[in-house]
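Trainee: only geometry, no sequence info:
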């Protein structure tokens, strides 16, 4: 959700670790963040498949679609203490992920 907020505020490069501040290409990192957000869209039908992701990563001429909100967007507290918060209850969903690594 932090990455999504930065994207919506037109400041995705704030995700970059400050220790590598001068050692990256801004356009390349912005494109990678854009692709990552496309992969996290709520509706799986809108997510790119692996062959499309490879094309997106290797071809700068491939026009990227505008990402939709991610499927795991959590409400932001806005600095309220829990007793003062207008949101007294929240619901959360646990999403399982299986990571397969080659041998």
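Mentor: The structure has been received and is ready for your questions. Quick caveat, the model's predicted, so the values are computed rather than measured.
Trainee: so who does the residue positioned nearest the centre of the chain touch?
Mentor: The central residue of the chain, meaning the one whose C-alpha is nearest the mean C-alpha position (Cα atoms, centre = their mean), is residue 37 at 3.7 Å. Contacts for residue 37 (Cβ atoms under 8 Å, 6 or more residues apart in numbering) come out as 3-4, 7, 67, 70. Backbone N, C-alpha and C define where each C-beta goes, glycine included.
Trainee: next one: the lengthiest helix in the chain to chain centre, how far?
Mentor: As assigned by DSSP state H, the longest helix anywhere in the chain is helix 26-39. Distance of helix 26-39 from its chain centroid, counting by Cα atoms, centre = their mean, to the nearest Å, is 8 Å.
Trainee: and the pLDDT for the residue nearest to the centre of the chain?
Mentor: In this model, residue 37 is scored at 97, pLDDT.
Trainee: mind checking how far it is from residue 101?
Mentor: Applying Cβ to Cβ, to the nearest Å, the value for residue 37 to residue 101 is 24 Å.
Trainee: again with residue 52
Mentor: Taking Cβ to Cβ as the measure, residue 52 falls 22 Å from residue 101.
Trainee: neighbour count for the two, which is higher?
Mentor: residue 52 (13 against 4; other Cβ atoms under 10 Å).
Trainee: before we move on, back to that, now a ChimeraX select for only the buried ones of the contacts of residue 37.
Mentor: The command below creates a ChimeraX selection of those among the contacts of residue 37 that count as buried (16 or more other Cβ atoms under 10 Å):
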select :4,7,67,70
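Trainee: mind listing what residue 34 touches?
Mentor: The contact partners of residue 34, taken as Cβ under 8 Å, 6+ apart, are 7, 12, 64, 67.
Trainee: mind listing what's buried along stretch 27-45?
Mentor: Residues of stretch 27-45 classed as buried by neighbour count (16+ other Cβ under 10 Å): 31, 33-38, 40-41.
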